[in-house]
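Q: below is the sequence, then the predicted model.
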Amino acid sequence: MSTVTEQPSEGAAAPPVPAEQPARLAQVARWAERHGVEVARRLADAEEFADEVQQRLRPANTADTYAKAWRVWQRFCAAQHFPEREATRGALVAFVLWLLDRGRTDGRGYAPSSASTILAGAVVELRRRGVEVSRDDQAQARATLEAAAVNLLKAGERRGRGQAAAAEVPDLYRVVRACPDTLAGARDKALVLTGFHYAARAQDPAGLLAGDVTLTPRGLVISVLTGKTKHTVRDAKVTRQSDPEICPVQAWTAYRARLAAEAAPRWSAPDAPAFVGIDRWGNVTGGMTPDSVTRAVKRISVRAGVPLAWTGHSLRIGLATTARKRGKDAVAIADQGGWARHSRSMNRYFQRVDGWDDNATAGLT
């Protein structure tokens, strides 16, 4: 890693600081003036340690999003012959318009929602590299993006996949009946039925260990790591269902029993992944990742002939919409799925139900 050395007034060498962090360099120089070089060196070491800890604790999916955003920013700068570490107002505005026009690697434009995510990630990465990005400049870029997105709609252009299809109870029956009588089939049943009942995102089952799922007389307690930025653990209670065919508790116990019988003992240990990948010959290949969960959920729905193929978010939306239809309290739904109690995303899921059941046109004739 390249370093830059600041010379304090007394002529002694200040501690080395990463060259890509000019703000940190200035801070260390101030520390040296106030406390001397040796103290400044220790404080600089502590800052670098804190940076390393933050990097290790950053969720993998968040880190991947930021890394992708930075790669897109680099492509934009190369195309425009802009320096990567100059995030001027004009550059940011040009960036969002480029994203919508031709930002993808295939030459097409991103959907506005994707462009918004990329802009946010690029700003994070720019600031991490010591580039000053003012709030006003970022706000103007975002306002430009929103205005351009409205113009796309006015022009009749629709981008993005739209909201994912919701898993519904009839779909659950289709799924379990289409699962083969194999270890992979047992895994698929457990993955879908438990995931539906605690409103799983794709990363949730991928992050579970066997010890995170506790069997109790009334059902399962699933300890789910939740939160996009600030992480906590929620204990989702999954009750036994009256119909054993789609009971998540029975599906989980059957899967774990079959895994213990057909795979090496280490895959049944409490610190082993709760959901494992399985190859075509029935061999366990390791723990599932968020991407493999998403692919599995889609594959399972297609195999079952679900009318609208699922995505990695379908189980989560399905719990919210189904519980709403059954009259469950919004607070109880939020707590089960780990939403904030006034979550806008959860309320959008509710609108799928309320928009039909509480509709001004219903029953007029």
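A: Perfect, I can see it now. Quantities reported herein were computed from a predicted structural model and do not represent experimental measurements.
Q: where are the low-confidence patches of the stretch 201-350 of the chain?
A: 226-232 (pLDDT under 70).
Q: change it to 80
A: 225-233, 341, 343-345, 348-349 (pLDDT under 80).
Q: now do the strands in it.
A: Counting by DSSP state E, counting those that start in this stretch, the stretch 201-350 of the chain has these strands, from start to end: 213-216, 219-226, 232-239, 276-278, 284-287.
Q: so which of those gets nearest I333?
A: strand 232-239 (11.6 Å; Cβ to Cβ). The way it works is simple: take the backbone N, C-alpha and C, and place the C-beta from them, glycine included.
Q: most tightly packed of the strands of the stretch 201-350 of the chain?
A: strand 276-278 (a mean of 20; mean count of other Cβ atoms under 10 Å).
Q: show residues contacting it.
A: Residues from elsewhere that reach strand 276-278, judged by Cβ atoms under 8 Å, 6 or more residues apart in numbering: 183-184, 187, 259, 263, 267, 284-288, 292.
Q: repeat for stretch 217-226
A: By Cβ under 8 Å, 6+ apart, stretch 217-226 touches 194, 198, 200, 204, 207-208, 212-214, 231-240, 248-249, 252, 338.
Q: check stretch 181-197 too.
A: 167, 172, 175-176, 179, 200, 204-205, 213, 220, 222, 236, 238-239, 246-248, 251-252, 254-256, 258-259, 262-263, 275-276, 278, 282, 293, 296-297, 300, 315-316, 318-319.
Q: for stretch 73-82, same thing?
A: Counting contacts by Cβ under 8 Å, 6+ apart, the residues outside stretch 73-82 that touch it are 83-84, 91, 94-95, 98-99, 103, 105, 118, 122, 125-126.
Q: switch to 10 Å and redo it
A: Stretch 73-82 has contacts (Cβ atoms under 10 Å, 6 or more residues apart in numbering) with 83-88, 90-92, 94-96, 98-99, 102-105, 118-119, 121-123, 125-126.
Q: show me where the stretch 1-150 of the chain has helices.
A: Counting by DSSP state H, counting those that start in this stretch, one finds helices in the stretch 1-150 of the chain at the ranges 22-35, 37-57, 60-80, 89-102, 112-128, 135-154.
Q: so for the closest residue to G282 other than its chain neighbours, what's the pLDDT?
A: What sits nearest to G282 in space, not counting adjacent residues and going by Cβ to Cβ, 6 or more residues apart in numbering, is L183, at 5.4 Å. Note for L183: predicted pLDDT of 96.
Q: same check, this time on the one 3 residues further on
A: As predicted, A186 sits at a pLDDT of 97.
Q: which helix or strand contains it?
A: Assigned by DSSP states H and E, A186 falls within helix 183-197.
Q: domain map for the protein?
A: 3-56, 60-154, 169-355 (automatic domain parsing).
Q: as JSON lines, those with distance to T365 would be great.
A: Shown next, in JSON lines, are the domains of the chain (distance: least, Cβ to Cβ, whole Å):
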{"stretch": "domain 3-56", "distance to T365": "61"}
{"stretch": "domain 60-154", "distance to T365": "32"}
{"stretch": "domain 169-355", "distance to T365": "19"}
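Q: enumerate every residue touching the nearest residue to D101 once chain neighbours are set aside.
A: Leaving aside its sequence neighbours, D101 sits nearest to G109 (Cβ to Cβ, 6+ apart; 5.1 Å). Counting by Cβ under 10 Å, 6+ apart, G109 touches 97-103, 115, 148, 152, 157, 159.
Q: the residues you listed into a markdown table, with extra columns for pLDDT?
A: As requested, the contacts of G109 are exported to a markdown table (pLDDT from 0 to 100):
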| residue | pLDDT |
| --- | --- |
| L97 | 93 |
| W98 | 94 |
| L99 | 92 |
| L100 | 89 |
| D101 | 89 |
| R102 | 90 |
| G103 | 89 |
| A115 | 89 |
| A148 | 85 |
| L152 | 75 |
| E157 | 65 |
| R159 | 55 |
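Q: which one of the residues you listed sits closest to D271?
A: A115 (40.3 Å).
Q: isn't that closest one up against L99?
A: Yes - taking contacts as Cβ atoms under 10 Å, A115 lies within contact range of L99: 4.1 Å.
Q: anything in contact with each of these two?
A: 72, 109, 145, 148.
Q: what count of nearby residues applies to Q250?
A: By other Cβ atoms under 10 Å, the residues close to Q250 number 17.
Q: and the closest residue to S343 other than its chain neighbours, how far from S223?
A: If the residues on either side of it in the chain are set aside, S343 comes closest to A334, at 6.4 Å by Cβ to Cβ, 6+ apart. As for A334, its distance to S223 is 18 Å (criterion: Cβ to Cβ, to the nearest Å).
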